[in-house]
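Undergrad: From the sequence below, what's the structure:
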Amino acid sequence: MPTPNEVVTSMLEKDAFSQWLGIQVLSIEEGCSAIKMMVRNEMVNGFGIVHGGIAFSLADSAFAFACNNRNNLSVALETNINFLKAVNVGDELTAIATEVHNGKSTGVYSINIFNQRKELVALFKGTCFRTGKALVANENSNRSN
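TA: Numbers count the residues shown, from 1 in each chain. Down below sits the predicted model:
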């Protein structure tokens, strides 16, 4: 059985968007994740502040890493976000995903996003559906006799 870190490493290798965001994994535990990224110039909207989709995407990646790291392919059923403070170019954002509910077919996660001053800039909540399929094949199943 792959470890939570192995599952997330496999996910991130195939996740071009999270790579474009520049996401770095800080920690992975069953049902939880912590990741960070630096905000760049190309992430600014027409108001001169960072586009809300950037914070949403960071939280969505933390959500995916938390709800999938037990190697049970899980997809989003519902997500929502509250933006609390503006994010600016040069900010370092950290998203911390915490499992609220781990059911057989669904999971609920709370993701807090902080800037480098430890200010809470956004709150994200996600509900996932668990498919029962493995993301990473068991090492033993790939061996030939």
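Undergrad: ok, and for the lengthiest helix in the chain, which residues are buried?
TA: If you go by DSSP state H, the chain has its longest helix at helix 52-68. Of all the residues in helix 52-68, those buried under the rule 16 or more other CB atoms under 10 Å are 54-68. For every residue, glycine as well, the C-beta is placed using N, CA and C.
Undergrad: Repeat that for stretch 115-126.
TA: Asn115, Val121, Ala122, Phe124, Lys125, Gly126.
Undergrad: and what of stretch 31-38?
TA: For stretch 31-38, by 16+ other CB under 10 Å, it's Gly31, Cys32, Ser33, Ala34, Ile35, Lys36, Met37.
Undergrad: repeat for stretch 9-16
TA: Ser10, Met11, Leu12, Asp15.
Undergrad: Quick one: the helices in this structure, in order.
TA: Using DSSP H, helices in the chain cover 4-14, 16-21, 52-68.
Undergrad: Would you mind giving these as CSV with distance to Gly103 and mean pLDDT added?
TA: Formatted as CSV, the helices of the chain follow (distance: least, CB to CB, whole Å; pLDDT from 0 to 100):
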stretch, distance to Gly103, mean pLDDT
helix 4-14, 18, 96
helix 16-21, 26, 96
helix 52-68, 11, 98
